[in-house]
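S.K.: Generate coordinates for the sequence data below:
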Amino acid sequence: MNYSQFLNMVPEATLVVMLLVVFFADFALCKSESKTCKLWITTIGALVLQTAVLFGTMEPATAFGGIYVTSEMVNVMKIILTMGTLIVVIMSKTWLDTNKKLSGEFFMLVLSTLLGMYMMMSSGSFLMFFLGLEMASVPLACMVAFDKDRKNSAEGAAKYILVATFSSGVMLFGISFIYAATGSLYFDNVANALRESPLTIMGLVFFFSGLGFKISLVPFHFWTADTYQGAPTPVTGYLSVVSKGAAALTLCIILTKVFGTMVDYWNPLLWIVIMLSITVANLFAIRQSELKRFMAFSSISQAGYIMLAVIGANAQAGATALTFYVLVYVAANMAVFTVISAVENAPIIQSSQNTSRTQMSTYNGLYKTNPKLALLMTLALFSLAGIPPFAGMFSKFFVFLAAVNGHNMYPFWPYFVVLVALVNTVISLYYYLLIVKAMYITKEDNPLPAFSLDAATKLSLVLCTAGICLLGVASCVYEWIAGAAL
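M.R.: Numbering: from 1, shown residues only. Presented below is the predicted three-dimensional model:
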């Protein structure tokens, strides 16, 4: 074996080194009273260095006969997901202070999951894709069950791992059909040998169903609400943005690169799934009173918007819109989960509130006692709803624009799908404003007392708020992504 080919996998190799550094640091600091803080700083430093490495290795590369293939677009998404992981680690500091014995395991699981997503996005064959997918999914199940003393956490992890196992089996079943029809697992070979037949159509449907679970598309979404509610809040944020972004880009790449000749089959399938995801999720979100379940249905709806970018005829515009949407979604969604985590872990609240601190009613009158936190929460919700001038409005505009750049064979349907998405944007504005109403308008005789934020939470909110306010107006970011899509 020519081990020099590992030099073409610089992002993955450096992330493995970072993982080993955190692993050995956990051993070295086992008797230190400030173990959690030191490991937290070490992991942040590792992710910052990893981001710098990614910026320095943007060139396309292949390794091991094409089983590993990366491109500038994939590397851009790796940068975005690494930055999202960095925000997750930053916001987890307060929560980890109450779980000091498990802090090392948490950081290693986070980096292991990120490594699996790297491999999944840079796969050049279905074999590497499946290994990367499972490398990301198994540590995620452990992270969901991290609060092992809570019933909801164990229940959410059980549902996640059971549905993940079933979806992986369905996906493997579809991949076996593709292999039987083409005689290869390499993406390029499959694309050249693929012909429309009942075998390949069934393989496409089963493969799409398996990956639809990872993105939480309807009707593969039933695990989402229970898992989001049961998982620790930083893990819920990680599930909602980082894993979803990796799976969405991978699905986009495989549909256009491998199944490009079967676009007339998977495009109508995507139209139906997108309309169902956005509509069903919005209707269920209106009924939620628990914020993490609320954000679960919000993430299902956002997944539908992300996949809008794939249905257009221009692959470059679609990949650019998808990646930019994920970037904006990372900033807005992580801001919401940082606020939820801050409210959930504030010591003064722990001693004064008897009900669950993730209930929407807990936020009644929040503006009176914590105006800055209420304002930042409002900005994040406005961005998720697509209200100008925040970045969420621009991201939705670009996915709508990419979607209506439709196919000549179906000139009407892309416009109809976008119309459904626009109507649902109005519905989403209503339920996002329910939280704003609770914070600013709903009267509460005994609102949450004022509390101060720790430095880590403040840093996370500053980074997210900067993204919400600047990504839409900083055109250089979109142009950078568009240049990578070329």
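
S.K.: Give me the nearest residue to residue 94, chain neighbours excluded.
M.R.: Using Cβ to Cβ, 6 or more residues apart in numbering and skipping residues adjacent in sequence, the residue nearest residue 94 is residue 345, 4.5 Å away. Every C-beta, even on glycine, is put in place using the N, C-alpha and C of the backbone.

S.K.: That neighbour reaches residue 98, doesn't it?
M.R.: Yes: with contact defined as Cβ atoms under 8 Å, residue 345 counts as touching residue 98 (7.3 Å).

S.K.: quick one, which of those two is more surrounded?
M.R.: residue 345 (21 against 11; other Cβ atoms under 10 Å).

S.K.: and the more buried one, how far is that from residue 283?
M.R.: 31 Å (Cβ to Cβ, to the nearest Å).

S.K.: residues of the helix or strand where residue 142 lies that come out buried?
M.R.: In this structure, residue 142 is located in helix 126-144 according to DSSP states H and E. Neighbour-count burial for helix 126-144, counted by 16 or more other Cβ atoms under 10 Å, picks out 126, 128-137, 139-144.

S.K.: gap between the helix or strand that that helix is followed by and the chain center?
M.R.: Next helix or strand after helix 126-144 toward the C-terminus (DSSP H and E): helix 151-182. Chain-centre distance of helix 151-182: 18 Å, with Cα atoms, centre = their mean, to the nearest Å.

S.K.: quick one: helix 151-182 to helix 126-144, angle?
M.R.: Interaxial angle, helix 151-182 versus helix 126-144 (axes from the mean of the first three to the mean of the last three Cα atoms, to 10 degrees): 180 degrees.

S.K.: What is helix 151-182 packed up against?
M.R.: Judged by 3 or more Cβ pairs under 8 Å, 6 or more residues apart in numbering; DSSP states H and E, helix 151-182 is in contact with helix 126-144, helix 187-193, helix 198-215, helix 224-230.

S.K.: So which of those helices is nearest residue 398?
M.R.: helix 198-215 (18.8 Å; Cβ to Cβ).

S.K.: pull the CA atoms of the closest one into CSV?
M.R.: Taking C-alpha atoms only, helix 198-215 is exported to CSV below (Å, rounded to 0.1, in the frame of the first residue of the first chain):
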residue,chain,number,x,y,z
PRO,A,198,-36.8,-1.5,-12.2
LEU,A,199,-33.7,-2.6,-10.3
THR,A,200,-32.0,0.8,-10.4
ILE,A,201,-35.2,2.7,-9.7
MET,A,202,-35.8,0.5,-6.6
GLY,A,203,-32.1,1.1,-5.6
LEU,A,204,-32.6,4.8,-5.9
VAL,A,205,-35.7,4.8,-3.8
PHE,A,206,-34.2,2.7,-1.0
PHE,A,207,-31.0,4.8,-1.0
PHE,A,208,-33.0,8.0,-0.8
SER,A,209,-35.2,6.7,2.0
GLY,A,210,-32.1,5.7,4.1
LEU,A,211,-30.5,9.1,3.7
GLY,A,212,-33.8,10.9,4.1
PHE,A,213,-33.7,9.7,7.7
LYS,A,214,-30.4,11.5,8.4
ILE,A,215,-31.8,14.7,7.1
